[in-house]
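from the sequence below, what's the structure:
(2 chains)
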Amino acid sequence: MRAPSSTITAHTNSTCRIAQSGIHRSSTSLPSPSSTKLLKQTHATLLRSGEIHDAIIAGKLISNIANSHPSNLPYALTFLSHPTNIPINAFAWNSLIRGFAHSPFPENSISLYRRMLDEGFFPNNYTYPFLLKASSYLEDSRVGLSLHATIIRRGLDGMDPFIQTSLISFHAVLVSVETARQLFDESLVRDVTSWNALIKGYVACGQHMNAIYMFQAMQDCGPICGDEITMLSVVSACAHLGALEMGRWVHSYIARNRLVLSLNLGTALINMYAKCGEIDNAKALFWKMQEKDVRTWSVMINGLAIHGHAKEALVLFAEMQRFGVVPDSVTITALLIACSHGGMVERGRTIFSRMRMDYDIEPTIEHYGCIVGLLGRAGRLDEALALIRRSSLKPDIVLWGSLLVDCMVHKNIGMGEIVVKEILKLDPSNAGAHVFLSNMYATSGKWDVVQEVRNFMKEQMIHKPPGSSLIEVNGVVHEFLSGDSSHTQFDGIYKMLDEICRLVSLKGHKPLVGGVSFDINDEDREVCLSQHSEKLAVAFGLISTNPGSVIRIVKNLRICRDCHAVMKLVSEAFGRIIIVRDCNRFHHFSKGSCSCGDYW
DNA sequence: TTAGGGTTAG
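This next block holds a predicted model:
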């Protein structure tokens, strides 16, 4: 029987199928045999038959070995130093470079490329995409930039769509998305893959709005329809922005264009609905999915966790295990987040302390972050600090920063000082640490030291990152910064803000100035507080959406106590549901209360 | 005979 392909397979009777079946070298290929034993049998057969001296057949064998499994790469490399006269051509070199690019040792792709040049072979248009991918995996922009220079020198830039897309992808992720955009604009062929590389680049560097603009531009530019990969990036951008209307539109685009709702895309959509505050939609889609992998379950558990549905998250985790799905590091993170927001301190501690034993998962800095957050939020700061000290992992700035916030919330000045020292060791110009110091000295009346800290910050140009809130109205995402007056509807927003202040004051609300930055007097503090970005966003939401509709806001920092109290009162006074996603979790404000139960 | 684009987490 004639085999449908010329992929090299071995038979136990030591007869090579290629030879036996008279298959031509140019036939199309079957999936590669992954079994090392089979590959070795084929190798032996080809040696016996002498066909190994055919460069094309030898190349196929090397390619199959190099791309079967990373553990076979040393075996594939032996062909470069084989004592018998096995011919090696550019195809074989490319196959080896490709194999290493996708392995845990991408640096070997680069050394192979150098060796290829040293041995007098010419890289071709297949070689560079593999090398650029290796340099992306290596996260070493110098390697990729040097390759880019070579590509230009050899006149290959702009000539080959594969090289061009590889360059766009490399620049977008490792150098600058602006350069990637320039390369994209200059490219002669723009297909769905090059659009995808750029859109993904915008997502990777956090420019989610630009990712969506590029997707819209892709629609406007012609007949190219987004595919599953496009949608993964676009849906992820919507999730980051909390842009529900756009996310819904993208979901319908997927259906309209009959794109398969794959496991990955379904998972991305569940995440999008959860991150946009639509946890019920996320759940509905989750249970509708025929196939679910560990990511699907993790995304759903995390969604429940950030909405404060801690018990449901733990129940779902148990369900996941009943389905035989093995949890990974991200699943455990989601569980710890659930415990943290649900105030389930002991449960969280138990999961954390047993994760190695129960699930064979080594705690990472992310897990420590969760557990420190869990303890810190519950006011158990000493335990949190002791845990960090006991850890064999080096605490990073995020971990210390999280503890510092809890020191401020729980007014533990002594520990705050310790934490600040640790932060300044890692980042001498950390804004949060300096602000803490200044506030701390101000509280104890040491104004001369306060002035020193302020001067230092001015000299060093250290600024706190501004609070920012996003709100989507009629499919357009509007961003507000604290004290922002740049919006076109500035007058209306500030009038509504005054009205909010008047109404909440009638309800007996007193501005909670504790969390406000220094450098301003008390009256200004109140003004500053009233212009926090989420308040501007809610004022804009109130004047630009229909009465009774839900207002959704995404904030980049943790919501402050004053804004939290005001949101509760606004939800009651204006009869609105207000959903705020801060950097940690969701707050659903309705009829004067919040879903977090004032624990966040 | 090989090739470019991929969703989740403190």
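
going by C-alpha atoms from here, please, whenever you check contacts or count neighbours.
Will do.

pLDDT value on A:Trp326, please?
One thing to correct before we go on: residue A:326 is Val, not Trp. Looking at A:Val326, its pLDDT reads 95.

am I right that A:Val477 is in a strand?
Yes. Checked against DSSP: H, G, I helix; E, B strand; the rest coil, A:Val477 lies within a strand.

state the mean pLDDT of the host helix or strand of A:Val554.
Taking DSSP states H and E as the criterion, A:Val554 maps to strand A:551-555. In this model, strand A:551-555 carries a mean pLDDT of 95.

same question, stretch A:196-210
Per-residue pLDDT over stretch A:196-210 has a mean of 94.

alpha carbons of it, as CSV, please.
Output of stretch A:196-210 as CSV, limited to C-alpha atoms (Å, rounded to 0.1, in the frame of the first residue of the first chain):
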residue,chain,number,x,y,z
ASN,A,196,-2.2,39.9,14.5
ALA,A,197,1.5,40.5,15.3
LEU,A,198,0.9,44.2,15.7
ILE,A,199,-2.4,43.9,17.6
LYS,A,200,-0.7,41.5,20.0
GLY,A,201,2.2,43.9,20.4
TYR,A,202,-0.2,46.7,21.5
VAL,A,203,-1.7,44.3,24.1
ALA,A,204,1.7,43.1,25.3
CYS,A,205,2.8,46.7,26.1
GLY,A,206,-0.5,47.6,27.7
GLN,A,207,-1.8,49.9,24.9
HIS,A,208,-5.1,48.1,24.9
MET,A,209,-7.0,51.0,23.3
ASN,A,210,-4.6,51.0,20.4
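
buried residues in it?
Using 16 or more other CA atoms under 10 Å as the test for burial, stretch A:196-210 gives A:196-204, A:207-210.

ok, residues contacting that stretch?
With CA atoms under 8 Å, 6 or more residues apart in numbering as the test, stretch A:196-210 has contacts from A:165, A:168-169, A:172-173, A:177, A:180-181, A:184, A:211-212, A:214-215, A:229-230, A:233-234, A:236-238, A:240-241.

so which of the buried residues of stretch A:196-210 also contact DNA strand B?
A:Asn196, A:Ala197, A:Lys200 (CA under 7 Å from any atom of the strand).

after the least confident helix or strand in chain A by mean pLDDT comes which helix or strand?
The helix or strand of chain A with the poorest confidence is helix A:17-21; it has a mean of 30 (mean pLDDT, DSSP states H and E). Following helix A:17-21 in sequence order, the next helix or strand is helix A:36-49 (DSSP H and E).

okay, that following helix in PDB with CA atoms only?
Once non-C-alpha atoms are left out, helix A:36-49 reads as follows in PDB (Å, rounded to 0.1, in the frame of the first residue of the first chain):
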ATOM      1  CA  THR A  36      12.500   8.400  19.800                       C
ATOM      2  CA  LYS A  37      12.700   4.600  19.300                       C
ATOM      3  CA  LEU A  38      10.900   4.900  16.000                       C
ATOM      4  CA  LEU A  39      13.200   7.700  14.900                       C
ATOM      5  CA  LYS A  40      16.200   5.700  15.800                       C
ATOM      6  CA  GLN A  41      14.900   2.700  13.900                       C
ATOM      7  CA  THR A  42      14.300   4.900  10.900                       C
ATOM      8  CA  HIS A  43      17.800   6.300  11.200                       C
ATOM      9  CA  ALA A  44      19.200   2.800  11.300                       C
ATOM     10  CA  THR A  45      17.200   1.700   8.300                       C
ATOM     11  CA  LEU A  46      18.300   4.700   6.200                       C
ATOM     12  CA  LEU A  47      21.900   4.000   7.100                       C
ATOM     13  CA  ARG A  48      21.600   0.400   6.000                       C
ATOM     14  CA  SER A  49      19.800   1.300   2.800                       C
END
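
report all helices and strands that that helix contacts.
Applying 3 or more CA pairs under 8 Å, 6 or more residues apart in numbering; DSSP states H and E, we find helix A:36-49 packed against helix A:55-66.

touching DNA strand B at all, the helix or strand following the helix it packs on?
With elements assigned by DSSP H and E, the helix or strand that comes after helix A:55-66 is helix A:73-77. No. Using CA under 7 Å from any atom of the strand, helix A:73-77 stays clear of DNA strand B, with a minimum separation of 14.1 Å.

what's in contact with helix A:73-77?
A:Ile62, A:Ile65, A:Ala66, A:Asn67, A:Leu96, A:Gly99, A:Phe100.

can you do 7 Å?
Around helix A:73-77, the neighbours that count as contacts under CA atoms under 7 Å, 6 or more residues apart in numbering are A:Ile62, A:Ile65, A:Ala66.

what's the answer for stretch A:149-162, then?
Applying CA under 7 Å, 6+ apart, the set of residues contacting stretch A:149-162 is A:Pro129, A:Gln164, A:Ser187, A:Leu188, A:Val189.

and it, how far apart are its ends?
Counting by CA to CA, to the nearest Å, you get 16 Å between the two ends of stretch A:149-162.

so for that stretch, what's the average pLDDT?
Here the average pLDDT along stretch A:149-162 is 90.

thank you kindly, that will do.
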